[in-house]
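Peer 1: need a 3D model of the following:
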Amino acid sequence: MESDSSRIWSAARPLIGTMIGVGILGLPYAILQVGIGIGILELLLAALISFLVLRLYGDLVMIRGGKARFIQVIGRELGHLGTGIAAFAYIGATFGALLAFIIFGGQFLRVVTFPIFPMTITTASVVFFVVASFFTIGGSLFVARAQKFLIPLFIGLIVLLMIVAAPHMTVVHVLASASGNMSIPLGVMLFAFGGLSAVPEMRDILGKRSDLLPKSIIRASVIVPMVYTVFGIGILAVTGVATTENGILGLSAVGKSLVLLACGIALLTTFNAYTNLATQLTNTFLYDLRMRFVSAWMTTASLPFALFLMGAQRIASVLSITGGILSSLTAIMMLIAYERARVSADLPKNSLQISQWAIAFTFVMFVAVMVTTVVG
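Peer 2: Residues are numbered from 1 along each chain as shown. Below is the predicted model of the structure:
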């Protein structure tokens, strides 16, 4: 019989796999823009806000039950107009994330395969998209089983990368600052902690023990910021002001073997995140919009790929718009739905006890991020 600890870890894996995607690769560049001090404070603030949003959303997911995904979970509280706005933001943010995965995946695949099979970045992105999309045909169960091996492997490889890169790290590089736009780290960091779509998947994995969902969210919310902090500071310590939007590729100036190892890790991470998120969006179309599986899968795969082919390939813009605008709007609509559910006394007994002032502060933070992203 599976123990509670084992169940909690099994349910935490989809959230960890969804959050640790290409967002982690943009963190060193984001921290560089404002310096290590403010950068780490913003990272921790983003982690705290993310945890709060995930826990509140977890309460809503538990009271809806069934196979409900984001649109059905909050639709009951928001009415037709509110649900439409929330659905637009959620689906748009997910498509933006998938687009980012395609862009990054192509960059890393090209580096890893170039010595044997040279490709252009565009061709590599197409190959990445085809393989990753095909992988998602197996559905949630297949992807969940793969997570059991991929996440420990990824974390182990991150540790290995930091050990190999250690001789090239300097304090001077860590203290570097590009005096950049404040909107860049805000949007990228929120993107890096995005994981709402994984919560219904976690509920499904827990089954009758859905009461363990809050503990699973806590476990993932502790692991992910730790990995982000180590990775962000580690890469910045190596590359300093030469840190690129894609933190991994900036390592090429240090050594080919190091960048090859880093790109292999990044390719695995991006592939893992793409399959997680694509499967979750497919399930949203399948259960919330009542689409057939083939139609849901094709819609999920085709739209971000079409955006890529039409030229949406600047990664900083994709991450900022997705994280700073669409993901923020998604969180705002969720917070409104939560407050309405609290007023109607519809929340579970073990719901997160948090003051309305804290929720109001979080709401204002997301609004501020949206405004600064648009202005920036």
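Peer 1: wait, V374 touches S328, no?
Peer 2: No: if you go by C-beta atoms under 8 Å, V374 and S328 don't touch, sitting 10.4 Å apart. Glycine gets a C-beta too; all of them are placed from N, C-alpha and C.
Peer 1: sec struct for R290, please.
Peer 2: Following DSSP: H, G, I helix; E, B strand; the rest coil, R290 is assigned to coil.
Peer 1: so who does it touch?
Peer 2: By C-beta atoms under 8 Å, 6 or more residues apart in numbering, no residues touch R290.
Peer 1: next one: it from A68, what distance?
Peer 2: Separation of R290 from A68 (C-beta to C-beta, to the nearest Å): 12 Å.
Peer 1: burial count for G35?
Peer 2: G35 has 16 neighbours, counted by other C-beta atoms under 10 Å.
Peer 1: right, and the helix or strand after the helix or strand where A237 lies?
Peer 2: Assigned by DSSP states H and E, A237 falls within helix 213-239. Using DSSP H and E, the helix or strand that follows helix 213-239 in sequence is helix 256-283.
Peer 1: which one's more surrounded, V374 and S328?
Peer 2: Neighbour totals were compared for V374 and S328, and S328 leads with 27 against 12 (other C-beta under 10 Å).
Peer 1: contacting residues for the closest residue to the more buried one other than its chain neighbours?
Peer 2: In space, S328 comes closest to F366 once its chain neighbours are excluded; the distance is 4.3 Å by C-beta to C-beta, 6 or more residues apart in numbering. Contacts for F366 (C-beta under 8 Å, 6+ apart) come out as 49, 328-329, 331-332, 335.
Peer 1: S50 contacts V222, correct?
Peer 2: No: with contact defined as C-beta under 8 Å, S50 and V222 do not form a contacting pair (11.7 Å).
Peer 1: which one's more surrounded, the two?
Peer 2: Shown here are S50 and V222; by other C-beta under 10 Å, S50 has more neighbours (25 against 12).
Peer 1: does that one count as helix, strand or coil?
Peer 2: On the basis of three-state DSSP, S50 is classed as helix.
Peer 1: quick check: closest non-adjacent residue to it.
Peer 2: Counting by C-beta to C-beta, 6+ apart, the residue nearest S50 is F193, at 3.6 Å.
Peer 1: wait, what's in contact with the one you found?
Peer 2: 19, 23, 46-47, 49-50, 224.
Peer 1: low-confidence ranges, the stretch 151-300 of the chain, go.
Peer 2: 177-187, 246, 249-250, 252-255 (pLDDT under 70).
Peer 1: let's go with 80 and repeat that
Peer 2: For the stretch 151-300 of the chain, the stretches flagged by pLDDT under 80 are 151, 154, 173-191, 194, 241-259.
Peer 1: so what touches stretch 299-308?
Peer 2: The contact list for stretch 299-308, computed with C-beta under 8 Å, 6+ apart, reads 95-96, 98-99, 102-103, 125, 129, 133, 136, 278, 281-282, 285, 291.
Peer 1: filter those residues down to the buried ones.
Peer 2: Buried residues within the contacts of stretch 299-308, defined by neighbour count using 16 or more other C-beta atoms under 10 Å: 95-96, 98-99, 102-103, 125, 129, 133, 136, 278, 281-282, 285, 291.
Peer 1: so which of the residues you listed are in helices?
Peer 2: Per DSSP state H, helices hold the following members of the buried ones among the contacts of stretch 299-308: 95-96, 98-99, 102-103, 125, 129, 133, 278, 281-282.
Peer 1: re the thing from before, next one: the residue nearest to S50 from V227, what distance?
Peer 2: Noted for F193: a distance of 12 Å to V227, by C-beta to C-beta.
Peer 1: equivalent analysis for T122, please.
Peer 2: The spacing between T122 and V227, counted by C-beta to C-beta, is 30 Å.
Peer 1: so the two - more neighbours on which side?
Peer 2: Between T122 and V227, V227 has the larger neighbour count (other C-beta under 10 Å), namely 17 against 13.
Peer 1: verify the stated contact: the more buried one with I155.
Peer 2: Yes: the criterion here is C-beta under 8 Å, and V227 meets it with I155 at 6.6 Å.
Peer 1: can you tell me the SS state at F117?
Peer 2: Assigned with three-state DSSP, F117 falls in the coil class.
Peer 1: number of residues surrounding it?
Peer 2: 12.
Peer 1: the one 10 residues further on too?
Peer 2: The burial count assigned to V127 is 17, neighbours taken as other C-beta under 10 Å.
Peer 1: do the same with E339
Peer 2: Neighbour number of E339 under other C-beta under 10 Å is 16.
Peer 1: check which helix or strand it maps to.
Peer 2: Per DSSP H and E: helix 327-343 holds E339.
Peer 1: which other helices and strands contact that helix?
Peer 2: Helix 327-343 is packed against helix 36-64, helix 70-113, helix 183-192, helix 356-375, with contacts defined by 3 or more C-beta pairs under 8 Å, 6 or more residues apart in numbering; DSSP states H and E.
Peer 1: hey, C-alpha coordinates of that helix in PDB?
Peer 2: Extracted in PDB, the C-alpha atoms of helix 327-343 (Å, rounded to 0.1, in the frame of the first residue of the first chain):
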ATOM      1  CA  SER A 327       0.000  34.600 -16.600                       C
ATOM      2  CA  SER A 328      -0.700  37.600 -14.400                       C
ATOM      3  CA  LEU A 329      -4.200  38.100 -15.800                       C
ATOM      4  CA  THR A 330      -4.800  34.300 -15.200                       C
ATOM      5  CA  ALA A 331      -3.800  34.700 -11.600                       C
ATOM      6  CA  ILE A 332      -5.900  37.800 -11.100                       C
ATOM      7  CA  MET A 333      -9.000  36.000 -12.400                       C
ATOM      8  CA  MET A 334      -8.300  33.000 -10.100                       C
ATOM      9  CA  LEU A 335      -8.000  35.300  -7.100                       C
ATOM     10  CA  ILE A 336     -11.300  36.900  -7.900                       C
ATOM     11  CA  ALA A 337     -12.900  33.400  -8.200                       C
ATOM     12  CA  TYR A 338     -11.400  32.400  -4.900                       C
ATOM     13  CA  GLU A 339     -12.800  35.400  -3.100                       C
ATOM     14  CA  ARG A 340     -16.200  34.700  -4.500                       C
ATOM     15  CA  ALA A 341     -16.000  31.100  -3.400                       C
ATOM     16  CA  ARG A 342     -15.000  32.300   0.100                       C
ATOM     17  CA  VAL A 343     -18.000  34.600   0.300                       C
END
